[in-house]
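S.K.: have a look at this prediction, sequence included:
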Amino acid sequence: MSARHFVKYTFLKMDPAWRREPAEAREQDKREFAAACEDFADGHLLQTFSLVGTRGDVELLLLAEAENLDRIHEFHVVLAQSGLMRWAQIPYSFLGMRKASEYSAEERIVPRGLRGRYAFVYPFVKSREWYALPAQERWRIMQRHIEVGREYAGVDNHTIYSFGLDDQEFVVAFDTDDVGTFLDLVQRLRTTEASSYTVRDTPSFTCIAMSLERALNALDGEPVALAAALPS
Amino acid sequence: MSARHFVKYTFLKMDPAWRREPAEAREQDKREFAAACEDFADGHLLQTFSLVGTRGDVELLLLAEAENLDRIHEFHVVLAQSGLMRWAQIPYSFLGMRKASEYSAEERIVPRGLRGRYAFVYPFVKSREWYALPAQERWRIMQRHIEVGREYAGVDNHTIYSFGLDDQEFVVAFDTDDVGTFLDLVQRLRTTEASSYTVRDTPSFTCIAMSLERALNALDGEPVALAAALPS
Amino acid sequence: MSARHFVKYTFLKMDPAWRREPAEAREQDKREFAAACEDFADGHLLQTFSLVGTRGDVELLLLAEAENLDRIHEFHVVLAQSGLMRWAQIPYSFLGMRKASEYSAEERIVPRGLRGRYAFVYPFVKSREWYALPAQERWRIMQRHIEVGREYAGVDNHTIYSFGLDDQEFVVAFDTDDVGTFLDLVQRLRTTEASSYTVRDTPSFTCIAMSLERALNALDGEPVALAAALPS
Amino acid sequence: MSARHFVKYTFLKMDPAWRREPAEAREQDKREFAAACEDFADGHLLQTFSLVGTRGDVELLLLAEAENLDRIHEFHVVLAQSGLMRWAQIPYSFLGMRKASEYSAEERIVPRGLRGRYAFVYPFVKSREWYALPAQERWRIMQRHIEVGREYAGVDNHTIYSFGLDDQEFVVAFDTDDVGTFLDLVQRLRTTEASSYTVRDTPSFTCIAMSLERALNALDGEPVALAAALPS
Amino acid sequence: MSARHFVKYTFLKMDPAWRREPAEAREQDKREFAAACEDFADGHLLQTFSLVGTRGDVELLLLAEAENLDRIHEFHVVLAQSGLMRWAQIPYSFLGMRKASEYSAEERIVPRGLRGRYAFVYPFVKSREWYALPAQERWRIMQRHIEVGREYAGVDNHTIYSFGLDDQEFVVAFDTDDVGTFLDLVQRLRTTEASSYTVRDTPSFTCIAMSLERALNALDGEPVALAAALPS
């Protein structure tokens, strides 16, 4: 059990006033933020996504994974020191842990990054009616749900568990290179029996995978070369 | 499938403090924003609407369409560079894709702008009871819904799909020259069977179609001529 | 149909920082706002109410009526030019149209201002169960509702329609000189059958009718004489 | 009927930036606020409570009573002139009127202040199912509710009516010297039949009765003597 | 009964602008805040937790316990005097009292701090259907719930009562050294009968126990030695 990792989704939104700061100050702010990320990425999974153009309430997603909560905490303390966080809010934040599913043989404990060009992330809560069903009944319903998912190739599921740790029960993430196929899958899943037990599956974030350098430069449109930027 | 386009609704609200900036600064801010729009509009569908006077929480709507998500992203990165976005928030943002309807033969894949003087836009979510109905039953119910719509001439429907991409299932838009007829239609549709499966259809935005130049000048009431403004 | 007018409720809230501006600046801000109002009031219905002391989230209500949406838009563009709107938010905004009721013979198409010393305004949404009832059944239920209203003299109803134009279905307004009678009426109406089909009837605004001059001066307590202020 | 008074609960929250102002400025801000209160308290019921330490969203409660709405309005206009309101928001505001209860012979029309050391205030809305019950049935259910209340000595009820005037139906207030007894009473009342008809009874405010001087000084912890401060 | 203590959870969030202040100013702000805490901790239970990295909306939790409400009030007045509170908001605040449970023989009246390395806190509201059950039936359901809890060693429950004092009925807290075991417990409890009576159990806060010095330094990442910092 001790091997189960923590996974953290941190969504950032810049104060528009930051864009009124001098270009050099913004460049420095980005460099400090990137340095904090590089430090953490040395030994931990860290991925970056841009939401500029896909939503209005967040602009950057950091997806971090660590062996314990204290390491996640320390990473965010170092981030808070960077100039960028002097102008940023964290409108959404999801904390969870890896855990094997009772419905799927899929490997979920081993750290594994999102591989597609796009990621879709949402907090997920099921109704208490769902949990009141016999385990065998839940298993049957989920098998059908999983079967439908298998019909849509190239869409990969990543689900972590948040029971008691955060406001949702699960953080669900999918990655894919083909947005249209993912949209078709989600619409198709609306008709499964499992779907009727959903209480909450929003907000739903469309995230574009890119290097930290590109994701940071998307914040103000200024192309600054960040020497040791994380690989995408 | 690869031909399905992305459609993005971006609603802007200016910080009232922007109106305290000198007139020349505001003029420059608008010019930079217009330049970003012109760049995108060269080869892509881009329409502008004003919401000054129809709502209190947003003032300008950009409706952009592109062949992939990355082009939508790039457009918003360039927008973020403009002076205007140093004083703007994006209180609402809807992302979706074109997709053929299972209930209507109407052509929905081909890019098509809103043609009326007024547009009405809302995010739309149906109940899970709806999706639990047999496909044939849903088809029957929607035919009656569509028939009622046909009785109201001059109101054109534009619906895009957001399943998994954003917080809603659909973004519904109507365009018309006659607001009263649209109001009568919506009131009439409340009594259809389809209507009882609605979970969410707000916020509901009344948008006035106009050139980017007019829509930008409506933000502070200052009539600035923007050389290469987009045609209405 | 073209004769149906648009009605707009615009609720304003000043940034507390505005009260830290010099008195002359605030006086100028009010004069510019009043000038915009006078311009519109020349040929259009425009009424002003203060909410200072009745609510905490809004301070001033403008009730404007015009023959088309573009005139409403233009009025708000001119308002945005005034100094006052450089420090104001619009926390609530309701847009609707006049329309004859299917349940009442009362004249609702002809422009008609609120006459009482107090106005009570709220957005109104009925349940889909209501709209699923046969028209005859809805008519029967509404007759009883209207009868109860007639027992309370001196309370006048003004209802406009917002289907598809805004987040509510109706904007309901009552005017009266006697607040207590209105309160008694609303409590009494809770027991009618019609009441059980209400989904939303808040926020509920208590508005005090007064001249624009008095309503503007209530914002900061500074008695500035506005030469051409609107009559109450 | 004309004798029924208006009661107003105004909850204030200071901008944290106010605490960065010089001590003399803050002292002056408090004096002006106190002067406005003294003026109103001369002839009207006005009570002050602190919420510093009991909640995070409000810090001060003014409870004002007047014979008409215009006097409540004027009081808030004068408050707005004070320096304190240049840094304050009103996150919650409840307006209502005194009215005799149909379930209790208790005197509710005569102006009566809260006497205990602590007051508990919440907006209250009942379900439409409640109002659909026969009056006799509602009377029976309320008698049992009132009986339970009588078992808890030293807790006094003050309820005003807001139907149509504000977002709630009632503003319920209790005063007591013994917080634990009040908590026990509320927990006990959860099991009465009346309780099942509650739609909304939050936010629930714990208020500490104190003189205006003490309540103002609790805002920034600076002990300023306010000459003519209201008695507690 | 008079022995029942008050327990207060105060969650803080710094304005990002605070991080733009000079290092010496921030150091001074922390020292003043620490001094206020030390003063209260002399004779009262006071514990500190960091939420940097676990949530985006709060950063620091103070858990204070006192024999009466006035002492809780005074503590927050002194806190408000510190430089730190000139830049802080209190996005969440929970007030409650110790009280013996009717379902468990566990000692809950005696002041007792959280001992684990991690604490999990959430406001809790049960449905009115729960309270309508016979007491004996509620007792039976809770015994099963408690039995499940006992299967997960090393997770300790701390529940206080808020009926009438705050927006929730209970504030539930668990402490543990093993986050994974707690997550497993919460997921397991979803299937108990008691769980179906839950109306609200969010927001759910993951809190990392640490000394005040460390928790304050986590706010801006600057390691300042606070002489008389509270022991963890």
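M.R.: That came through fine.

S.K.: any idea which element the residue lying closest to residue A:54 once chain neighbours are set aside lies in?
M.R.: In space, not counting the residues next to it along the chain, residue A:54 is nearest to residue A:206; the distance is 4.1 Å by CB to CB, 6 or more residues apart in numbering or on different chains. The C-beta positions use only the backbone N, C-alpha and C, and glycine is treated the same way. Per DSSP states H and E: residue A:206 is located in strand A:205-209.

S.K.: residue A:220 contacts residue A:29, correct?
M.R.: No: counting by CB atoms under 8 Å, residue A:220 stays clear of residue A:29, with 9.6 Å between them.

S.K.: picking up where we left off before, what sits up against the next helix or strand along the chain from the strand holding residue A:206?
M.R.: As assigned by DSSP H and E, the chain's next helix or strand after strand A:205-209 is helix A:212-217. Defining contact as CB atoms under 8 Å, 6 or more residues apart in numbering or on different chains, one finds that helix A:212-217 is touched by A:30, A:33-34, A:37, A:48-50, A:60, A:84, A:223-226, A:229-230, A:232, B:77.

S.K.: now residue A:190: closest residue in space that isn't a chain neighbour?
M.R.: residue B:131 (4.0 Å).

S.K.: and if you look at residue A:57?
M.R.: Using CB to CB, 6+ apart, the closest residue to residue A:57 is residue A:91 (5.3 Å).

S.K.: next: residue A:82.
M.R.: residue A:32 (3.7 Å).

S.K.: what's the burial count for that neighbour?
M.R.: 17 (other CB atoms under 10 Å in any protein chain shown).

S.K.: quick one: it and residue A:84 touch, right?
M.R.: Yes: applying CB under 8 Å, one finds residue A:32 in contact with residue A:84, separated by 6.7 Å.

S.K.: and the helices in chain A?
M.R.: For chain A, the helices defined by DSSP state H cover A:23-41, A:69-81, A:128-132, A:135-150, A:179-189, A:212-217.

S.K.: circling back to that earlier point, any idea how far the residue nearest to residue A:57 is from residue A:85?
M.R.: Distance, residue A:91 to residue A:85, using CB to CB, to the nearest Å: 14 Å.

S.K.: residues contacting the residue in chain A that chain C sits nearest to?
M.R.: Among all residues of chain A, residue A:17 sits closest to chain C, at 15.2 Å; criterion: CB to the nearest CB. If you count contacts by CB under 8 Å, 6+ apart, residue A:17 has them with A:87, B:86.

S.K.: before we move on, back to that, state the pLDDT value of the residue nearest to residue A:82.
M.R.: Looking at residue A:32, its pLDDT stands at 97.

S.K.: so what's it up against?
M.R.: A:81-84.

S.K.: JSON lines for those residues, including neighbour count and pLDDT?
M.R.: JSON lines is the format used below for these (neighbours: other CB atoms under 10 Å in any protein chain shown; pLDDT from 0 to 100):
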{"residue": "A:81", "neighbour count": "17", "pLDDT": "95"}
{"residue": "A:82", "neighbour count": "21", "pLDDT": "97"}
{"residue": "A:83", "neighbour count": "20", "pLDDT": "97"}
{"residue": "A:84", "neighbour count": "25", "pLDDT": "98"}
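
S.K.: distance-wise, check whichever residue of chain A sits closest to chain E relative to chain B.
M.R.: Per CB to the nearest CB, the residue of chain A with the smallest distance to chain E is residue A:90, at 2.9 Å. Residue A:90 is 16 Å from chain B, where distance means CB to the nearest CB, to the nearest Å.

S.K.: hmm, that residue is touching residue E:54, no?
M.R.: No: counting by CB under 8 Å, no contact exists between residue A:90 and residue E:54, whose distance comes to 10.9 Å.

S.K.: tell me which of the two has more neighbours.
M.R.: Taking other CB under 10 Å, residue A:90 and residue E:54 do not tie; residue E:54 has more neighbours (25 against 20).

S.K.: poorly predicted segments of chain A, please.
M.R.: Low-confidence segments of chain A (pLDDT under 70): A:1-2, A:227-232.

S.K.: which residues are in contact with the residue of it found nearest chain B?
M.R.: Closest residue of chain A to chain B, CB to the nearest CB: residue A:56 (2.9 Å). Applying CB under 8 Å, 6+ apart, we find residue A:56 in contact with B:10-11, B:89-93.

S.K.: repeat that for 7 Å
M.R.: Going by CB atoms under 7 Å, 6 or more residues apart in numbering or on different chains, residue A:56 touches B:10, B:90-93.

S.K.: same check on residue A:13?
M.R.: A:57-59, A:88-89, A:91 are the contacts of residue A:13 under CB under 7 Å, 6+ apart.

S.K.: which one of residue A:91 and residue A:85 has more residues nearby?
M.R.: When neighbours are counted by other CB under 10 Å, residue A:91 and residue A:85 differ, and residue A:85 comes out ahead with 22 against 15.

S.K.: and for the more buried one, nearest residue in space, chain neighbours not counted?
M.R.: residue A:79 (5.7 Å).

S.K.: how much space between the one you found and chain D?
M.R.: When residue A:79 is compared with chain D (using CB to the nearest CB), they lie 23 Å apart.

S.K.: so that residue makes contact with residue A:88?
M.R.: No: Residue A:79 is not in contact with residue A:88 according to CB atoms under 7 Å; the separation is 9.1 Å.

S.K.: returning to what we had before: neighbours of the residue nearest to residue A:54, how many?
M.R.: 24.

S.K.: OK, contacts around it?
M.R.: A:54, A:118, A:120, B:95, B:165-166 are the contacts of residue A:206 under CB under 7 Å, 6+ apart.

S.K.: in strands, which of those residues fall?
M.R.: In this view, these that belong to strands under DSSP state E are A:118, A:120, B:95.

S.K.: excluding chain neighbours, give the residue nearest to the second one in space.
M.R.: Nearest-residue entry for residue A:120: residue A:174, 4.7 Å, with adjacent residues in sequence omitted and distances by CB to CB, 6+ apart.

S.K.: among the contacts of helix A:212-217, which are in reach of chain C?
M.R.: With CB under 7 Å from any CB of the partner chain as the criterion, the contacts of helix A:212-217 include none near chain C.

S.K.: restricted to buried residues, select those residues in PyMOL.
M.R.: A single PyMOL command selects the buried members of the contacts of helix A:212-217 (16 or more other CB atoms under 10 Å in any protein chain shown):
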select buried, (chain A and resi 30+33+34+37+48+49+50+60+84+224+226+229+230) or (chain B and resi 77)
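
S.K.: what about the contacts of helix A:212-217, which are in strands?
M.R.: Using DSSP E, these in strands are A:48-50, A:60.

S.K.: which of those are close to chain E?
M.R.: Residues of these in contact with chain E (CB under 7 Å from any CB): none.

S.K.: return the distance of the residue of chain A closest to chain B relative to residue B:57.
M.R.: 12 Å.

S.K.: shared neighbours, those two?
M.R.: residue B:91.

S.K.: just to check, residue A:81 is in contact with residue E:219?
M.R.: No: at 10.2 Å, residue A:81 and residue E:219 do not qualify as touching, with contact defined as CB under 7 Å.

S.K.: quick one, phi psi at residue A:113?
M.R.: The phi/psi pair for residue A:113 (degrees, to the nearest 10) reads phi -80, psi 170.

S.K.: tell me who's in contact with it.
M.R.: Neighbour list for residue A:113: A:45, A:47 [criterion: CB under 7 Å, 6+ apart].

S.K.: how far away is it from residue A:11?
M.R.: Plainly put, residue A:113 is 18 Å away from residue A:11 if you go by CB to CB.
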